[in-house]
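K.L.:
quick one: sequence and predicted model below, then my questions.
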Amino acid sequence: IAVADGQCMIIVDQGKVVELCAEPGQYTFDQGTEPSMFYGGFGKGLVESFKKFGERFTTGGVAPHDGRVYFVNTRLIKGNKFGTSTPIPFRDSEFGMTVDIRCYGEYVMEITDPLAFYHSYGGNIEEDYVIDESFKDTFLADFLRALQPALAKVAMQRISYDMLPGAVTEISAAVKECLQDTWGSQGINVERVSIASATPTDESAEIIEAAAANERLKGLHNRQNVCL
């Protein structure tokens, strides 16, 4: 079996994981030997996953003596675009008020634990699972559910809504934390989140403009008092 760079090979026999390899090369599978556990750059954490998930997942609907080989992509999965169809409330530190914003951007994800990922999504699939076709809607829904609480965490760092496109590090860390209970347990990690634009709704834009105008008037009034 040939394993390419950026892949993790999983051999499943009768619904049970019997072998895995995350190091590139060509291998011969011997059913009479113990798992070789070439875990590559995943470290010994993959060994612990094997102990946890390397059990019989299910045999329902599987033909007798059914053996399969799965390849899991372990490279960064880019180009996952998102947009908030409904506005997200965001506590803006500059004006000291909550504004409703719509965000658009892109996130990068990676599979950090192929066994946990297979356990969550693989099952006894018979065809290729392509992220654009099979998982896109599920991943996007999970991501958008985590985005609102993540932005609330970012707002607490006194980052205003118009600064969000430049707060990649803060947003990425917050989203990762909010997705830990779901994606983290499924062997998925958010590598980076980039917001291309964060636009207030028309109503919020009017409120912001009124607040800005009020601040300008206060500044003008203070300067006049100083002159007097």
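P.N.:
Nice, thanks for sending it over.

K.L.:
leaving out the residues flanking it, which one is nearest to the residue at minimal distance from the centre of the chain?
P.N.:
By CA atoms, centre = their mean, the mean C-alpha position of the chain lies nearest to Val190, the distance being 3.5 Å. Spatially, and ignoring its direct neighbours in sequence, Val190 is nearest to Lys176 (4.7 Å; CB to CB, 6 or more residues apart in numbering). All C-beta atoms are positioned from the backbone trio N, CA, C, and that covers glycine.

K.L.:
return the distance of the helix or strand where that neighbour lies from the chain's centre.
P.N.:
Secondary structure assigned from DSSP states H and E places Lys176 in helix 168-178. What separates the centre of helix 168-178 from the centre of its chain is 10 Å, taken as CA atoms, centre = their mean, to the nearest Å.

K.L.:
what mean pLDDT would you report for the very next helix or strand once past it?
P.N.:
Going down the chain from helix 168-178, the next helix or strand is strand 188-200, by DSSP H and E. Strand 188-200 carries an average pLDDT of 94.

K.L.:
repeat that for stretch 156-174.
P.N.:
Regarding stretch 156-174, the rounded mean pLDDT is 93.

K.L.:
which positions in that stretch come out as buried?
P.N.:
For stretch 156-174, a neighbour-count test (16 or more other CB atoms under 10 Å) marks 159-161, 163-165, 167, 170-174 as buried.

K.L.:
out of the residues you listed, who's nearest Val12?
P.N.:
Val12 has its nearest neighbour among those in Ser172, at 33.4 Å by CB to CB.

K.L.:
that'll do, ta.
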